[in-house]
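Trainee: Structure for this input, please:
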Amino acid sequence: MVRTQAAQVSTQSMTLLGALPPGKLAENVLYFVRVLRAAGLPVGPAKVLDALAAVQAVGVENRTDFRAALAAVLVARQEHAALFEQAFDWFWRNPHLLERVLASLLPKVRGRAANEPEMSARLAQALLPPPPPPAVPPAAEETELDATFTFSAREVLQKKDFATMTTEELAEVRHMLARLKLPLPERLVRRTRAAERGHVVDLRATLRGMTGASGVVAPLRYRTRRRRPPALVVLCDVSGSMDRYARMLLHFLHAITNDRHRVHVLTFGTRLTNITRALRHRDVDVALARVTAAVGDWAGGTRIGTCLAQFNRDWSRRLLGQHAVVLLISDGLDADAGEGLAFEAERLAKSCDRLVWLNPLLRYSGFEARPAGIRALLPHVDDFLPVHNLASLRDLTAALARPPARNRHDLPLAA
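Mentor: Next up, the predicted model:
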């Protein structure tokens, strides 16, 4: 059955190839679909046939019609449209495609005159030609290996610091971060739902059951309170000292933002920026590109007190209702030497149900709270946890499932 279907697909493709104009247009369409599939778009053999049929129907005289025909059959979701548009522009425009792709993968300095959009790294990797197959070694005698001292690379990456990873390791960790979840313990809310047993009698449902009982005593109906996870608000430091960690944590924040409702992410350096809408895009490359365009103070200074004051004034009433949990991701190194930070941190702690501070400096065993910003923040947080590798992010899930480490004033301070 599978061979029959494959033969039918091959016959249809050969028919369409013969109906297209002469030249290498059909082969280019096939290669373009393969590039999209390598870049992450869900296009299979059936889409290849649809693309060839669409090109045969509209022709190649009009570039706009050609683009629209391919987009109609190859783009199934809105989040794939941006990647398709960029791939179409690069694939069907550049006469020296390979050279441009290789150049896009190298670090470069862009001046004011560089107005060409930067290619997505995922698309650049998809446009590269496949590597040559490895040489087959000559037949050798069978050798027995002892796997006692072997190790797993994934286990090593769990505890390796983000700041010490290579480019290949960072790429693998990004895929692992995209699969992380952050389940928060559910809390009781004021709304109720129907239940077999409960402490509240549902009078409306009970009377409705008595109308058709014909004199027989109807059983009581009950309602119980609903449970739902609390809102999650993330305040992420994007200053120069947090640059490497913030870039990796954005992949984690993108995953949890698209995994659950009521997640709000704001970045701060010298000013506060709400990036929740940008992270809502399902394509991580498009989402991070929008975040980069929205955040104007990336890798700059840090004014934690000023940014917390802006959050308390403009956002706290809208985001911190119904037992909200706040994750403050920062190293606590404040350019203003903690001026006004203690007051704003206390106000933030009183507005939310739980304030968790994630600090990458806790990876050091000899950490002491000596900077003024850290000393101002520390008395007002419920949990003080490290965030520098995958293992620390997994420990965060376990820590949120436990009760907070209050009393806040019992947290240790350096002398």
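Trainee: contacts and neighbour counts: CA atoms only from here.
Mentor: Will do.
Trainee: Residue 317 sits in which helix or strand?
Mentor: helix 316-319 (DSSP states H and E).
Trainee: Moving C-terminal from that helix, which element do we reach first?
Mentor: strand 325-329.
Trainee: Quick check: buried residues in the helix holding residue 317?
Mentor: The neighbour-count check on helix 316-319 (16 or more other Cα atoms under 10 Å) flags 316, 319 as buried.
Trainee: roughly how far out does it sit from the chain middle?
Mentor: 23 Å (Cα atoms, centre = their mean, to the nearest Å).
Trainee: what sits against residue 311?
Mentor: residue 272 (Cα atoms under 8 Å, 6 or more residues apart in numbering).
Trainee: That one is in what secondary structure piece?
Mentor: Assigned by DSSP H and E, residue 311 falls in helix 304-314.
Trainee: Residue ranges of each domain in the chain, please.
Mentor: As assigned by automatic domain parsing, the chain contains the domains 2-97, 187-228, 232-410.
Trainee: As TSV, these with mean pLDDT and distance to residue 169 would be great.
Mentor: Formatted as TSV, these follow (pLDDT from 0 to 100; distance: least, Cα to Cα, whole Å):
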stretch	mean pLDDT	distance to residue 169
domain 2-97	73	19
domain 187-228	83	36
domain 232-410	89	12
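Trainee: possible to save the ones you listed as TSV with distance to residue 179?
Mentor: Formatted as TSV, the domains of the chain follow (distance: least, Cα to Cα, whole Å):
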stretch	distance to residue 179
domain 2-97	16
domain 187-228	22
domain 232-410	7
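Trainee: Only alpha carbons, please: show stretch 287-299 as CSV.
Mentor: Provided in CSV are the C-alpha atoms of stretch 287-299 (Å, rounded to 0.1, in the frame of the first residue of the first chain):
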residue,chain,number,x,y,z
ALA,A,287,9.1,36.4,18.9
LEU,A,288,12.7,37.1,19.9
ALA,A,289,13.2,39.4,16.9
ARG,A,290,10.2,41.4,18.1
VAL,A,291,11.6,41.5,21.6
THR,A,292,14.9,42.8,20.3
ALA,A,293,13.1,45.6,18.4
ALA,A,294,11.0,46.5,21.4
VAL,A,295,13.7,46.6,24.1
GLY,A,296,15.8,49.7,23.6
ASP,A,297,18.0,49.4,26.7
TRP,A,298,19.4,46.0,26.1
ALA,A,299,22.9,45.4,27.6
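Trainee: Can you name the residues in contact with it?
Mentor: Residues from elsewhere that reach stretch 287-299 (Cα under 8 Å, 6+ apart): 238-243, 250, 254, 267-271, 273, 275, 278-281.
Trainee: Mind checking which of these are in helices?
Mentor: 243, 250, 254, 278, 279 (DSSP state H).
Trainee: how about residue 174, secondary structure?
Mentor: Of the three states, residue 174 takes helix under DSSP: H, G, I helix; E, B strand; the rest coil.
Trainee: From residue 354, how far off is the nearest residue to residue 362 once chain neighbours are set aside?
Mentor: Among residues not flanking residue 362 along the chain, residue 386 sits closest, at 5.0 Å (Cα to Cα, 6 or more residues apart in numbering). For residue 386, the distance to residue 354 equals 17 Å [Cα to Cα, to the nearest Å].
Trainee: What of residue 312?
Mentor: 15 Å.
Trainee: Could you do residue 36 as well?
Mentor: From residue 36 to residue 354 the distance is 44 Å (Cα to Cα).
Trainee: Give me the buried positions along the helix or strand containing residue 69.
Mentor: Assigned by DSSP H and E, residue 69 belongs to helix 63-74. Using 16+ other Cα under 10 Å as the test for burial, helix 63-74 gives 66, 67, 69, 70, 71, 73, 74.
Trainee: I figured the last one hits residue 43, correct?
Mentor: Yes - here residue 74 reaches residue 43: they are 6.6 Å apart, a contact under Cα atoms under 8 Å.
Trainee: What segments of the stretch 51-200 of the chain are strands?
Mentor: Counting by DSSP state E, counting those that start in this stretch, the stretch 51-200 of the chain has strands at residues 187-195, 200-201.
Trainee: Just tell me which of those ends up closest to residue 399.
Mentor: Residue 399 lies closest, by Cα to Cα, to one member of the strands of the stretch 51-200 of the chain: strand 187-195, at 16.1 Å.
Trainee: Return that closest one as PDB; C-alpha atoms alone will do.
Mentor: This file holds the C-alpha atoms of strand 187-195, laid out as PDB (Å, rounded to 0.1, in the frame of the first residue of the first chain):
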ATOM      1  CA  ARG A 187      -5.300  28.300  44.300                       C
ATOM      2  CA  LEU A 188      -8.900  28.500  45.400                       C
ATOM      3  CA  VAL A 189     -10.800  31.300  43.800                       C
ATOM      4  CA  ARG A 190     -14.200  32.900  44.600                       C
ATOM      5  CA  ARG A 191     -16.000  31.300  41.600                       C
ATOM      6  CA  THR A 192     -17.700  28.000  42.200                       C
ATOM      7  CA  ARG A 193     -18.600  24.900  40.100                       C
ATOM      8  CA  ALA A 194     -21.100  22.100  40.400                       C
ATOM      9  CA  ALA A 195     -19.900  19.200  42.600                       C
END
